[in-house]
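>>> using only what follows, build the 3D model:
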Amino acid sequence: MEFEPLWLLLALPLAFGMGWLASRFDLRQWKRDQQAAPQAYFKGLNLLLNEQQDKAIDAFIEAVQHDPGSSELHFALGNLFRRRGEYERAVRVHQHLLARADLPQAERDRAQHALAQDFLKAGLFDRAEQAYKALAGSAFATDARLALLVLHERARDWPAAIEVARGLESVGAGSFAQRMAHYWCEIALEADARGQSGDADVAIQRAREVAPLAVRPMVLAGQRLLKRGLVEPALAIWGPLLVQHPQASPVIADEFARAAAGSNHVDTARLQLQNAHASEPGAALLAALLSLEGEGAERRKAWLDQLQKHPSLSAALGLLREHKGGALGPDELSALDAALQAAAKPLQRYRCAACGFEAQHYFWQCPGCHGWDTFPPRRLEDQ
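Numbering: from 1, shown residues only. This next block holds a predicted model:
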């Protein structure tokens, strides 16, 4: 059969028309999809601003369906899932992003960081640690190291925490000397608990080397010496501490006074406590100081001065105890003593400056927010 040119002339316009119709149909469909995606996105954003997270998630899911290639929509959806506690769904969203071969490296690092946050919030610390370690060398490297530091603290993996803290210092993220001193002190306490006093000695020395002016290593060093009956070396450590850090003196005041009372350095210790109390007047320091004094009117006058200058229930309690058997009857004084002691107890507490956690015992690391050195050494009644 011979080819007729006439058929070609007829087919060309037909093919052109069909192609034009097809392109118009695809273009309209594309425009509809593009319009639907922004509308759903802005709808989700508006719902999110109005704190309607459930409806916002539905709107973002709709936006993702219209525009599955948009990484920003996936990030918004994953972050919403995490905020609502739906960690498994957040993980799936961010893992889907990481599985995309067309994702730029910057966006891939961002997705890796978001995935690590998902694992951390979900309590999957092992997987969070691995996810954060994968961010080494990325723009999120410093944030990842800070998160790893928190993870190691929670796991009480102090050697790993020290290594991460050194790495943060090496990249100029700030000074972590105080925190490393705390880590070495924790290592010393754990070594003592195992009966490895030699390792504890080394850890205390490291703590004092990394932060020579840190309070806790000096406190712990003195306490360990006292447990071994080495009173004079302990006083030699704590004496300069009272001078250099008078604000921290209430932490060791009672132990310092009891140690000094059994030594030949009572006069020196009394003078050191007097100077510390002059700088940081408080009931705990005064009680320690007066424990080195004899009986008599001077003790009552000291408590009266404390009560007048810094009124507190503890000071009132101290003054009343000095007057036992005096002008007040024993029964009345005993009842007043018990009442004041009960009233003073809630105020004889320490409060975290970061989260407000309160405790009768002084903590170097807050049990509430896990912050270091967030407990002022002064009790509530002295603040």
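>>> when you work out contacts or count neighbours from here on, use the C-alpha atoms and nothing else.
Will do.
>>> helices of the stretch 251-383 of the chain, start to end?
253-261, 266-279, 283-290, 297-309, 313-322, 330-344 (DSSP state H, counting those that start in this stretch).
>>> one more: the stretch 101-250 of the chain?
105-121, 125-133, 141-154, 158-170, 177-193, 197-210, 215-227, 231-244.
>>> out of those helices, flag the one nearest Pro367.
Proximity to Pro367 (C-alpha to C-alpha) singles out helix 141-154 among those, at 10.7 Å.
>>> near Glu163, how many other residues are there?
As a burial measure, Glu163 scores 12 neighbours (other C-alpha atoms under 10 Å).
>>> so how far is Ser170 from it?
Using C-alpha to C-alpha, to the nearest Å, we find Glu163 at a distance of 11 Å from Ser170.
>>> and what of Asp192?
In terms of C-alpha to C-alpha, Asp192 sits 31 Å off from Ser170.
>>> for Gln223, same thing?
33 Å.
>>> comparing these two, which shows the higher neighbour count?
Between Gln223 and Ser170, counted using other C-alpha under 10 Å, Gln223 has the larger neighbour count: 21 against 11.
>>> so what's that one up against?
Taking C-alpha atoms under 8 Å, 6 or more residues apart in numbering, we find Gln223 in contact with Ala234.
>>> need the helices of the stretch 101-250 of the chain in TSV (columns: mean pLDDT and distance to Ser279).
Listed next are the helices of the stretch 101-250 of the chain as TSV, based on pLDDT from 0 to 100; distance: least, C-alpha to C-alpha, whole Å:
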stretch	mean pLDDT	distance to Ser279
helix 105-121	92	44
helix 125-133	93	45
helix 141-154	94	34
helix 158-170	95	34
helix 177-193	96	24
helix 197-210	96	25
helix 215-227	94	17
helix 231-244	90	9
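>>> could those helices go into JSON lines alongside distance to Ala260?
Formatted as JSON lines, the helices of the stretch 101-250 of the chain follow (distance: least, C-alpha to C-alpha, whole Å):
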{"stretch": "helix 105-121", "distance to Ala260": "49"}
{"stretch": "helix 125-133", "distance to Ala260": "47"}
{"stretch": "helix 141-154", "distance to Ala260": "36"}
{"stretch": "helix 158-170", "distance to Ala260": "34"}
{"stretch": "helix 177-193", "distance to Ala260": "24"}
{"stretch": "helix 197-210", "distance to Ala260": "23"}
{"stretch": "helix 215-227", "distance to Ala260": "11"}
{"stretch": "helix 231-244", "distance to Ala260": "7"}
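>>> give me the domain ranges for this structure.
As given by automatic domain parsing, the domain ranges for the chain are 36-139, 294-348, 349-383.
>>> Val266: which of those domains is closest?
domain 294-348 (12.0 Å).
>>> ok, now how distant is His323 from Gln360?
From His323 to Gln360 the distance is 27 Å (C-alpha to C-alpha).
>>> the more surrounded of those two?
Neighbours were counted for His323 and for Gln360 using other C-alpha under 10 Å; His323 has more, 16 against 13.
>>> so Asp337 sits against His323, correct?
No. With contact defined as C-alpha atoms under 8 Å, Asp337 does not reach His323; the gap is 10.7 Å.
>>> check Leu98 and give its pLDDT.
Here, the pLDDT recorded for Leu98 equals 84.
>>> and it, what does it touch?
Arg108, Ala111, Gln112.
>>> what's the neighbour count on the first one?
The burial metric for Arg108, expressed as a neighbour count using other C-alpha under 10 Å, is 20.
>>> so it sits against Ala99, correct?
No. Applying C-alpha under 8 Å, one finds Arg108 not in contact with Ala99, separated by 9.2 Å.
>>> thinking again about what came up before, out of the domains of the chain, which gets nearest to Asn264?
domain 294-348 (16.1 Å).
>>> quick one: mean pLDDT for the closest one?
73.
>>> how far off centre is that domain?
Taking C-alpha atoms, centre = their mean, to the nearest Å, one finds domain 294-348 lying 39 Å from the centre of the chain it belongs to.
>>> same check, this time on stretch 219-237
Using C-alpha atoms, centre = their mean, the offset of stretch 219-237 from its chain centre is 30 Å.
>>> quick one: buried residues of that stretch?
Neighbour counts over stretch 219-237 (16 or more other C-alpha atoms under 10 Å) mark 219-226, 231-232, 234-235, 237 as buried.
>>> quick check: end-to-end length of it?
Where stretch 219-237 begins and where it ends lie 8 Å apart, using C-alpha to C-alpha.
>>> now Glu88: how far from Gln95?
Applying C-alpha to C-alpha to Glu88 and Gln95 gives a distance of 10 Å.
>>> distance to Leu120 added to the buried residues of stretch 219-237, as CSV?
Formatted as CSV, the buried residues of stretch 219-237 follow (distance: C-alpha to C-alpha, whole Å):
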residue, distance to Leu120
Val219, 34
Leu220, 33
Ala221, 36
Gly222, 38
Gln223, 37
Arg224, 37
Leu225, 40
Leu226, 42
Val231, 46
Glu232, 48
Ala234, 42
Leu235, 45
Ile237, 41
